[in-house]
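**Student:** show me how the following folds:
(chains A, B and C)
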Amino acid sequence: MKENVIIIGGGVAGLEAARQMLSLGLRPIIVEQSDHLGGHVACWHRLFPDMTPARELVAKLVESCREANIFLETTVQSINRLKDGYAVMLSNGVNILSRAVLIASGFKLFDAAKKEEYGYGVYDHVITNRDLENWFAGAEDLRIPREPKVFGFVHCVGSRDIKAGNTQCSKVCCMTAIKQAIEIKEKFPGCEVFCFYMDLRLFGKKYEDFYLNAQRDYGIRFIRGRVSEVSETIDGRVQVKAEDTLSGKPLKIQMDCLCLMAGMQCNPSATSIADMLHVEVDTDGFLRSKDNIYSILESQKPGIFFAGACTGTKTVPETVAEARAAALSIFNYLSR
Amino acid sequence: MIDRIASGFHPFVLPFLAGMFFVFGYCIYGILKILLQLPREDRLQFYKSLITPETAVKNVKDIFLNCLLHVKLWKRNPMLGFMHSSIAFGWFMLIVLGHVEVILFVPERIKFFYYPIFFNYFVAEADSTVKGSVLFFLMDFFLLVVLVGIALAVIKRFRSLIFGMRRTTRPSFLDLIGQYALWAIFPLRWLAEGFTAHISGGSFMTIPLNWMARQFLGNEFNMLPTWWAYSIALGVFMFVLPFTRYMHIPAEMLLIPMRNAGLRIRHARRGFARAEIFSCPSCGVCIDACPMSVKKANLKDCTVYLNRHIRRGHEKRVDEISDKCLLCGKCQAVCQVGVEGPTLRMAQRATRRYSIEQDYSGIDTRPLADAARGSKVLYFAGCMTQLTPRIPRAVESVLKKAGVNYVWMDRDGGLCCGRPMLTAGKIGEAKQLIRKNEQIISESRAHTLILSCPICYKIFREHYSLPGVRVIHHSQYFDELVRLGKLSPVKGSGSVVWHDPCELGRGSGIYEAPRDLLGRCAELREAGHNHAESICCGGSLGSLTLGFAQREAMTRNALDDLVKDAPDAIATGCPLCMSTFGRYADRPVKDIAEILDESC
Amino acid sequence: MMEFGFRLSPSSTIDLDRADLSLYRKIERLEPDMKTCMACGSCSATCTAGQYSGMSMRKVILGLQRGTDVSGMLSCCMLCGKCTMVCPRGINTRHLILSICRTYEKK
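**Tutor:** Next comes the predicted model:
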């Protein structure tokens, strides 16, 4: 008989893990609290570094998970530890027994309104990376002017910030900002684009090339200084204050639109599941792996596995790789 | 009643006499020292107040109500009030009645200080008189009152929770000696008077004791040792008194007239401050009240320990305690003797010498003055409010809806109000900033100045000289606009709790205007602790040394208390409280202006 | 060495081998969080005094770490606390400023 494996979260990690489990002969059951599969990536337009349309990736993954059991708009009500496995009760009343549980609940995008000084939700032309991505994907957004002359990106909003409760680096925002800056520049070639950064962390494959392109081919300007406050001018433009730390002078600039690169923090539903399972939360607020080098995908409890951003900030390729590895780990665990 | 001992003297009175002379001498020395430390004009003001009939009457009344009856303590904690007033008032009545007895029966002995105290030893009952029995009854009655108080005090020492006190101070060695002596005095007096009761007469307390004791022991044998013990207990108590918490008894009798004379703390340790420091009874009410006490590490940083370390000259700890405090003022609000914890600390901070001093004379205020011109109503958002754009945006929106013509004078930045400098003890620098802002505002010819930040509001009200300008917090101003009919908010379905910011509530006494305004916009709920008891958000600029991480527990504790009644939202009127709470709150935290703006 | 009555302009190199870090060492003990500064510049950008003087908390911390003179910048600080509010590392900048002003020894 095929064995059930519960996957909590139907994002990229959950889908990829399910796909692998199917091919390994397991019976994955995906529990997703939202009304769609693909998680954050499903709301994204294009993915760096190859500008892959996010929809294609999600569609491909969903297609290959057709055989899996999928519960949308469903949450985990309770999990009880049995002698050899777990009894999971879902909000739709379904009870599932499973010897292994994969937590792939991903991250929550930082609520940019919490950084009050940036005026998200207060000023007319302050948006977030997600808003911009939605707009790229075709959604309407009145906050983005028709012909912006000056466009700004603020890195590290809610990341590396003890005041926001997140000390970790969100890893992807530097690259996302550069990607989005290039996309803005492509849409509005006459627009000046500025990126305000503390450190540019461009560690991945082809990221540095992107940076080079952004500088050389698109003329995007990088200012090393964290934005301290944003105000609105009488004519409704956004005024940004930062220190240009390289010249050592305070800097002011008016813009038509300002995009805040909201970072990642652990999904609160991951934390509540961790509570049910008595799985520890790490000092950075994400779930704690057995160890952070050799057993990232294993929890300290037998049969509980992790994949993707529930254990820390991750890029899409990292998440996909982790999901695959987690599926294999679970297969090995079940066939002991 | 007749004299029993011809000389009117027995050596057992010596310990008491020595103690009494010592304590009187010490108090006179202490009073002189404090008076001489006062600045000359304060001293004259004090003397004048003593002979002004109104203040003189008030002094007597306040001393009677607070030092003897402990009226304030009754209101706060009836059990503690009962305990303290029964000891203090009962003892006082024993002394008074003792004198009455001496004057009535052996008037020629009044010149002996000890006679009223040891009256029962020196007299014998001749013909029992009606007058005597009433007095004896009263004496026994007040002795019983004191004994009940002492019994409660003993219980409190070991089970303070019964009295609603989670934490109390740890007494010092001398405090303990004083305390045991105090506990011993009245049971010993009962025994002593009891054993003598067949000679001197007595009443319902002493006569039964006398009778019982006679059955087992024989009184003659017990009499002298107990009178000796009673006198020694008194002597020990009075000898250690100046070095214990009991010093608050005489000190408060000086503090009350000084306060009624309108004196203020002008020096960290001397004069009035010294009177306050010695008036601290070490009761420890401020420990539970202090918002920092949610963390065990801060338990010894509240005002009672400040006073203790100042008395003992532990300069390092005094500095630490002074710098750590949030200056929220709650210890002062709950203090029974009114020790001004925050002011004492600010005075201590003012004693620092800095090798780099600030000088703002180079700042050109003309652009700021230009920005402030053009309307009779000025809006000054303040430094912190620039980091919370929701507040000025809502204030502007409301002002526009009410049709108020205003100018936002620090839209492009302004000068600091000076309160942070003042609380850091840098008075000179604060004054410079005050002068600069005064100049900008008076040049604008405005008649109303609306402030969004209670920190600014407090210093503008107390230290600015702006004749003809009405300084007002936006919550009050908007409340007025609503009353005048210029705004008509529609009451929504949600509920909201009002957090009293320290500087607005305890600091400036504004409690009702914001509540009134909120009540018109939403269902008003109250926090577990509200009004003067409100708990500081933990974000206060008052603390110099508390780091960001150390404040989280305080904020969470304050938040838990705020949402006791499950409100939908939290409202406040201070940018600092708003950002601090916003960091950890599980529901929206809004400025009162935002809530008004949404409902009209 | 012979004095010629004139000198070459002083070297513009920061010589960490010879830098006087005594102030840094003292301040470090009073406010250890200072070492966590990542030079983002938020404090300097938000500074109320910044627009009137060369006040920059970031530069003050950097100057301390490099052993250069920082006293001039602090003369316009108003202790308003905005820098403390925005610091992403939670450094108690106000206490840092007061500590420097107290500990600094005029050369």
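**Student:** what pLDDT does residue 114 get?
**Tutor:** Chain wasn't specified; assuming chain A. The model reports residue A:114 with a pLDDT of 94.
**Student:** not quite, go with chain B.
**Tutor:** Reported pLDDT for residue B:114: 91.
**Student:** please, where are all the helices along the stretch 151-300 of chain B?
**Tutor:** For the stretch 151-300 of chain B, the helices defined by DSSP state H, counting those that start in this stretch cover B:173-200, B:206-216, B:219-240, B:248-260, B:272-279, B:285-289.
**Student:** for chain A, that is, sorry about that
**Tutor:** A:12-23, A:39-42, A:54-64, A:129-136, A:173-187, A:207-216, A:268-277, A:316-334 (DSSP state H).
**Student:** contact partners of the third one?
**Tutor:** What that stands for is helix A:54-64. For helix A:54-64, contacts defined as Cβ atoms under 8 Å, 6 or more residues apart in numbering or on different chains pick out A:12, A:15-16, A:19, A:22, A:37-38, A:41-47, A:137, A:316. (Each C-beta comes from the backbone N, C-alpha and C, glycine too.)
**Student:** list the buried residues of that helix.
**Tutor:** A:54-55, A:57-58, A:61-62, A:64 (16 or more other Cβ atoms under 10 Å in any protein chain shown).
**Student:** swap in stretch B:132-143?
**Tutor:** Those would be B:132, B:135-136, B:138-143, for stretch B:132-143 by 16+ other Cβ under 10 Å.
**Student:** got it, and stretch A:261-277?
**Tutor:** Buried-residue list, stretch A:261-277, by 16+ other Cβ under 10 Å: A:261-267, A:269-271, A:273-274, A:277.
**Student:** grab the nearest non-local neighbour of whatever residue of chain C ends up closest to chain A.
**Tutor:** Nearest residue of chain C to chain A, counting by Cβ to the nearest Cβ: residue C:41, 3.1 Å away. Of all residues not flanking residue C:41 in the chain, residue A:243 sits nearest, at 3.1 Å (Cβ to Cβ, 6 or more residues apart in numbering or on different chains).
**Student:** just residue B:409 next, same as before
**Tutor:** That would be residue B:372: by Cβ to Cβ, 6+ apart, it lies 3.8 Å from residue B:409.
**Student:** just give me the neighbour total for residue B:451.
**Tutor:** Close neighbours of residue B:451, defined as other Cβ atoms under 10 Å in any protein chain shown, add up to 27.
**Student:** confidence score at it?
**Tutor:** The confidence metric pLDDT takes the value 97 at residue B:451.
**Student:** give me every residue that touches it.
**Tutor:** B:380, B:382, B:457, B:460, B:471-474.
**Student:** where exactly do the helices run in chain C?
**Tutor:** C:22-30, C:42-46, C:57-66, C:82-86, C:93-103.
**Student:** helices or strands up against the helix or strand bottoming out on mean pLDDT in chain A?
**Tutor:** The weakest-scoring helix or strand in chain A, judged by mean pLDDT, DSSP states H and E, is helix A:268-277 (a mean of 91). Packing partners of helix A:268-277 (3 or more Cβ pairs under 8 Å, 6 or more residues apart in numbering or on different chains; DSSP states H and E): strand A:76-82, strand A:100-103.
**Student:** near chain A, which residues of chain C are found?
**Tutor:** Residues of chain C found near chain A (Cβ under 8 Å from any Cβ of the partner chain) are C:38-47, C:50-51, C:56, C:58-59, C:85-90.
**Student:** 6 Å instead, please
**Tutor:** Counting by Cβ under 6 Å from any Cβ of the partner chain, chain C comes close to chain A at C:39-42, C:44-46, C:50, C:86, C:88, C:90.
**Student:** so how far is residue B:233 from residue B:146?
**Tutor:** 13 Å (Cβ to Cβ, to the nearest Å).
**Student:** same check, this time on residue B:506
**Tutor:** Distance from residue B:506 to residue B:233, by Cβ to Cβ: 42 Å.
**Student:** what do you get for residue B:396?
**Tutor:** 70 Å.
**Student:** and residue B:159, how many neighbours?
**Tutor:** 10.
**Student:** how close does it sit to residue B:172?
**Tutor:** Taking Cβ to Cβ, one finds residue B:159 at 21 Å from residue B:172.
**Student:** do the same with residue B:13
**Tutor:** 29 Å.
**Student:** what does chain B put close to chain A?
**Tutor:** Taking Cβ under 6 Å from any Cβ as the contact definition, chain B meets chain A at B:387-390, B:393.
**Student:** which of those residues come close to chain C?
**Tutor:** Contacts with chain C are made by residue B:387 out of the residues of chain B next to chain A, judged by Cβ under 6 Å from any Cβ.
**Student:** Throw the residues of chain B next to chain A into TSV and include secondary structure, thanks.
**Tutor:** TSV is the format used below for these (DSSP: H, G, I helix; E, B strand; the rest coil):
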residue	secondary structure
B:387	helix
B:388	coil
B:389	coil
B:390	helix
B:393	helix
